[in-house]
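In: Build me a model:
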Amino acid sequence: MARRPIILLVALAVSALGTGMVITYVQGVEARATEGQDRVTVLTATATIEPGEDVDDALAADKLEKREVARDDLVAGAVRSATSIAGLTALGTVYPGQQVVAEQFGDAGSLVTLGIPDGQLAVSVELTDPARVAGFVEPGSWVAVFASGDPEVYLPDGSSRPLAPYTRILLPKVQVIGVGDTSVSSRTTRDAGTETTEEVPRTILTIAVDQEEAERVLYAARNGDLAFALRTDRSRASHNPGVTATDIMPELFGGVR
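Out: Sure thing, here's the model as predicted:
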């Protein structure tokens, strides 16, 4: 009978030793995972900062705080403190958890803060929220611009002939230099005799373009719809013929493009 307590003590000792080894192993894994990753302090939004809201108000509302992130996760142009953007106004929406970038703030209404590149023009277009990548486009973003339209050919006798509706790339790569206020407009659609009215958020985006690109954007915006695709340095976009109904519904046209 005396052997049973000894066996229990040995079992407890082995269990404690195993637990200690597991803890040591996990700590070693975490140490190796963070090895070589320097931590840096960056200013981060804790709540949504609306366009037109100044930095002082955001600080007073506890919408900004300093956080540590791995250097590899540091966003280009991110600021380390609110000092460098003090007195400025948000040019676009800054979302919770987002690292604050200096280009997101400037003097409200000042064209100088848009940072128009030499030799280029600033052109503004109004888009629905989905068409501007659901709010992820901000000053400094690079985008591709797509155009959709229902073109018509006007004949010498004054009549017109409709052409196939299309969607195609308009500008493969342009930079967003400003995001304006978001407003809400009504849009009415009809489906099978039923009329539906919905409230659609619309935002003004300002892009930097040359004269030819400005003409293309303004014409496309007046005669069709524009949409933006967010891109990175690794994104690929180039001019092509675009698509029509025969491309996305070939079965309705005998499979012929």
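In: which residues of the stretch 51-200 of the chain score low on pLDDT?
Out: The model of the stretch 51-200 of the chain has pLDDT under 70 over residues 108-115, 128-135, 180-193, 196-200.
In: And the strands in it, which stretches?
Out: Secondary structure of the stretch 51-200 of the chain (DSSP state E, counting those that start in this stretch): strands at 64-70, 89-90, 105-106, 121-128, 142-149, 152-154, 160-162, 166-191, 194-209.
In: which one of the ones you listed lies closest to residue 240?
Out: strand 166-191 (6.6 Å; Cβ to Cβ). No exception for glycine: its C-beta is placed from N, CA and C like everyone else's.
In: hang on, residue 107 packs against residue 89?
Out: Yes: with contact defined as Cβ atoms under 8 Å, residue 107 and residue 89 form a contacting pair (6.8 Å).
In: Indicate which one of the strands of the stretch 51-200 of the chain is closest to residue 235.
Out: strand 142-149 (7.4 Å).
In: Show me which positions of that closest one end up buried.
Out: For strand 142-149, the neighbour count (16 or more other Cβ atoms under 10 Å) marks 143, 144, 145, 146, 147, 148, 149 as buried.
In: Each with direction, which strands does it pair with?
Out: strand 166-191 (antiparallel), strand 224-231 (antiparallel) (DSSP bridges).
In: angle of the last one against strand 121-128?
Out: This points to strand 224-231. 100 degrees (axes from the mean of the first three to the mean of the last three Cα atoms, to 10 degrees).
In: For strand 224-231, give the mean pLDDT please.
Out: Mean pLDDT, strand 224-231: 87.
In: List of residues touching that strand?
Out: With contact meaning Cβ atoms under 8 Å, 6 or more residues apart in numbering, strand 224-231 is reached by 125, 127, 130-133, 136-137, 141-150, 170, 173, 176, 205, 217, 220, 237.
In: again with stretch 141-154
Out: Contacts of stretch 141-154 (Cβ under 8 Å, 6+ apart): 133, 137, 160-163, 165-176, 207, 217, 220, 223-233, 235, 237.
In: So what's the residue count around the residue nearest to residue 211 when sequence neighbours are not counted?
Out: Distances taken as Cβ to Cβ, 6 or more residues apart in numbering place residue 121 nearest to residue 211, at 6.7 Å, with adjacent residues excluded. Using other Cβ atoms under 10 Å as the criterion, residue 121 is surrounded by 13 other residues.
In: How about residue 121: which residues does it bridge to?
Out: With DSSP bridges as the criterion, residue 121 is bridged to residue 209.
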